[in-house]
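Chemist: got a predicted structure plus its sequence, pasted below:
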Amino acid sequence: MALQVIGCEAVTQLLEKLMAEGRVVAPHQREGNKQWVFEDVKDPCDVCLDYTSTILPPKKYAFPPKEKLLHYELADRPKMEAVIEAEPLVIFGAHPCDIYGLNALDKALCDQKVDPNWVARRAQIRIVGVDCEPDEYCFCGSMGTASVSTGYDLFLTPLNGDYVVEVATPAGEAMMEGIPAREASAEEIAAVKKRLETKLRQERKINCDVNSLPLHFSGFEKSPVWAEVAEKCYSCGTCNLTCPTCFCFDVLDEMDLSLHSGNREREWDGCMLEEFAQVGSGENFREEREDRLKHRFFRKYSYLFTKYGEPYCCGCGRCVRQCLVHIDPVDTINRLLAHSGKEA
Amino acid sequence: MAQACQCEADRELYVPKLAVLDKVVPQTELETLFQLRFEDGAPLGHQPGQFVQVCLPGIGEAPISIASAPCEEPHFELCVRKVGNVTRALHNLAEGAYVGIRGPFGRGFPDDQLKGNDVLVVAGGIGLVPVRPLIHHILCNRPDYGNFTILYGMKRPEEMLFRDEIAEWESSNAVDLQLTIDRPHPDWSGHVGVVTTLFPSLELDAPRTRAVIVGPPIMYQFVILECRNKGIADEHIILSLERHMKCGVGKCGHCQINGKYVCQDGPVFNYHELKQLWEAI
């Protein structure tokens, strides 16, 4: 589809139009600091499209931190029924890495047994992507996630104070109806391409081709690097909770105050947390911090990569940006490679 | 819509089906056998070695091995140890109570690999439960199998499960049952020692023996060693593994052993496929 160009006022108009139709969430800057969060848009002027990374990825709307799966009513013969809560929603201003994260979760949660709650929410979400400039933590260039080709309805690329708009779906087309836009010039199209090339030239990178990671990881099982990195890990699970491609969950029954009914809910869980692999008898199959750290890395760059054909890491850098002791996947992978003499 | 996933979802994936608790048979201080049937009379439709998610609304869910054979349907049995919230609450239920069931889940014992061969079952403690459906199945179809040996080890005599059945198996020619307890006990006149101490006197035709091992995590490496010493090939050693589980459908991530999900790829595995997985044994 041909690229269009819209001005800043048109972005505000677009936001107003979408807000009139229903719920819109977008990045907002936290007062007084350089942190951003996805929140409901109350005023289009509060939306900040020029941001590095939000604290939590927009995954939180498709896979909420806490979500009802089941409603039950206690009785001699209890009643249980599925709860699938989904509403029309526009995620406005998602970066390519976060869109990649949602696409990755589509694969995992729709594999074999399809997760009904995920599918229902995803079906009602429209996405307006926006391109970004990597900060000192991003490594999307290494992960091949600096741009995405699917998973959005509209994609905005900032250019000289305007935005170049790619309309990717019929839903995106409908969004653009009535928004003043002009066709992008050949120079503007070339500038968009050039922007991506610049974005890919990140200093921060892993020292091998991303597609060779599963192969390299097959030799990392006994690397001493795991123990070195795990030594400073607090096992707090922040990396899990901020990750756009993590989807492990716990399931808990919450009773209503009446004690007659309640809901079964799933909550984000994290494989870095100590009890994650512990069974009822007390046996813990991943008791050591080193084993949990190793598992997390293997899951991202080997197990799920092998299973679904792409890394379960989008290079957003949230895990290191928010890690209390600065455990960095890029540095860890490079140390693993260097130690095994596999640096490319 | 922007989504790439256009697949059909089962709305009822996380919804249990109601079963009625027909019979409660106490086994030991900690374990009880529960006989259930779906209220609509439908069979569970399981294979020996599979498990279900047992659901008590307001308390939660727990993965439990199925203890009965498919030939016993429409009833099915669960033998449960009191260890957590769900299993304790289950022990407080009376006959006639409703229990939610999801499943059956996972991969069961590979009957096609067992048929026509000698079968050696090695069970430790509560490990007898997941393998009981297989034992029943073999005894129901005895001519399809060669020699049938069961080694069952427990810590103390009072931990013995399914006592009536064990007495039957002991007196039967259909199976060679050997029992052992870990340490001497005044009420025990049989063999004493961990289950591996039964191996030296065991006479096996190694090439045609298929070993099925189920027990506490510590047991596997030692029993595998004994099986290999007897000449049983790695691809003829079959194990059922326990892991933490929440969903049963390959989503929640808890049961993962390296790249495998126990709830989907297991709980029954061939030792040959586990050898490379350092998290397995």
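Modeler: Received, thanks.
Chemist: residue 276: what secondary structure?
Modeler: Using chain A. coil (DSSP: H, G, I helix; E, B strand; the rest coil).
Chemist: quick check: it vs residue A:308, distance?
Modeler: 21 Å (Cβ to Cβ, to the nearest Å). C-beta here means a position set from N, CA and C on the backbone, and glycine is covered the same way.
Chemist: residue B:172 too?
Modeler: Residue B:172 is 50 Å from residue A:308, by Cβ to Cβ.
Chemist: mind listing residues that contact stretch A:84-94?
Modeler: Contact with stretch A:84-94 is made by A:15, A:18, A:21-27, A:38, A:41, A:47-49, A:51, A:58, A:61, A:67-68, A:102, A:116-117, A:120-121, A:123-130, A:152, B:11, as judged by Cβ atoms under 8 Å, 6 or more residues apart in numbering or on different chains.
Chemist: list buried residues within these.
Modeler: A:15, A:18, A:24-27, A:38, A:41, A:47, A:49, A:51, A:58, A:61, A:67-68, A:102, A:116-117, A:120-121, A:124-130, A:152 (16 or more other Cβ atoms under 10 Å in any protein chain shown).
Chemist: so of those, which ones are in helices?
Modeler: Here DSSP state H is the test, and the buried ones among the contacts of stretch A:84-94 give A:15, A:18, A:61, A:102, A:116-117, A:120-121 as lying in helices.
Chemist: so which of those are also by chain B?
Modeler: A:102, A:116-117, A:120 (Cβ under 8 Å from any Cβ of the partner chain).
Chemist: now these as JSON lines including pLDDT?
Modeler: Putting those into JSON lines (pLDDT from 0 to 100) gives the following:
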{"residue": "A:102", "pLDDT": "98"}
{"residue": "A:116", "pLDDT": "96"}
{"residue": "A:117", "pLDDT": "97"}
{"residue": "A:120", "pLDDT": "96"}
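Chemist: make sure residue A:204 is actually in contact with residue A:135.
Modeler: No - judged on Cβ atoms under 8 Å, residue A:204 makes no contact with residue A:135 at a distance of 9.6 Å.
Chemist: for chain A, what's the nearest residue on the stretch 101-250 of chain B?
Modeler: For the stretch 101-250 of chain B, the residue closest to chain A is residue B:249, as judged by Cβ to the nearest Cβ, at 3.9 Å.
Chemist: which element, helix or strand, includes that residue?
Modeler: In the assignment (DSSP states H and E), residue B:249 maps to no helix and no strand.
Chemist: any low-confidence regions in chain A?
Modeler: The model of chain A has pLDDT under 70 over residues A:1, A:342-344.
Chemist: please parse it into its domains.
Modeler: Chain A breaks down into these domains under automatic domain parsing: A:4-199, A:210-340.
Chemist: any stretches of the stretch 51-200 of chain B with poor pLDDT?
Modeler: Applying pLDDT under 70 to the stretch 51-200 of chain B flags no residue at all.
Chemist: where do the helices of it begin and end?
Modeler: B:85-91, B:111-114, B:128-140, B:163-171 (DSSP state H, counting those that start in this stretch).
Chemist: ok, stretch A:243-263 near chain B or not?
Modeler: Yes - contact of stretch A:243-263 with chain B (Cβ under 8 Å from any Cβ) involves A:247-253, A:255, A:262.
Chemist: next, name the residue at the spatial heart of chain A.
Modeler: residue A:244 (2.4 Å; Cα atoms, centre = their mean).
Chemist: contact partners for residue B:108?
Modeler: Contact analysis of residue B:108 by Cβ under 8 Å, 6+ apart lists B:46-50, B:268.
Chemist: kindly recompute the last result at 10 Å.
Modeler: Contact analysis of residue B:108 by Cβ atoms under 10 Å, 6 or more residues apart in numbering or on different chains lists B:46-51, B:66, B:70, B:130, B:133-134, B:137, B:240, B:266-268.
Chemist: can you tell me the closest non-neighbouring residue to residue B:137?
Modeler: residue B:69 (4.6 Å; Cβ to Cβ, 6 or more residues apart in numbering or on different chains).
Chemist: show me what contacts that neighbour?
Modeler: Per Cβ under 10 Å, 6+ apart, neighbours of residue B:69: B:46-48, B:76-77, B:132-141.
Chemist: 6 Å instead, please
Modeler: B:133, B:136-137 (Cβ atoms under 6 Å, 6 or more residues apart in numbering or on different chains).
Chemist: ok, residue A:242 next?
Modeler: Here residue A:242 is in contact with A:318, A:322 (criterion: Cβ under 6 Å, 6+ apart).
Chemist: go on, the one 5 residues further on?
Modeler: Residue A:247 makes contacts with residue A:105, as judged by Cβ under 6 Å, 6+ apart.
Chemist: state the helix or strand in which it lies.
Modeler: Applying DSSP H and E, one finds residue A:247 in no helix or strand.
Chemist: could I get the contacts of residue B:69 as a markdown table with neighbour count and distance to residue A:189?
Modeler: Compiled in a markdown table, the contacts of residue B:69 are given as follows (neighbours: other Cβ atoms under 10 Å in any protein chain shown; distance: Cβ to Cβ, whole Å):
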| residue | neighbour count | distance to residue A:189 |
| --- | --- | --- |
| B:133 | 26 | 65 |
| B:136 | 19 | 70 |
| B:137 | 23 | 67 |
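Chemist: residue A:313 and residue A:296, how far apart?
Modeler: 10 Å.
Chemist: fine by me, thanks again.
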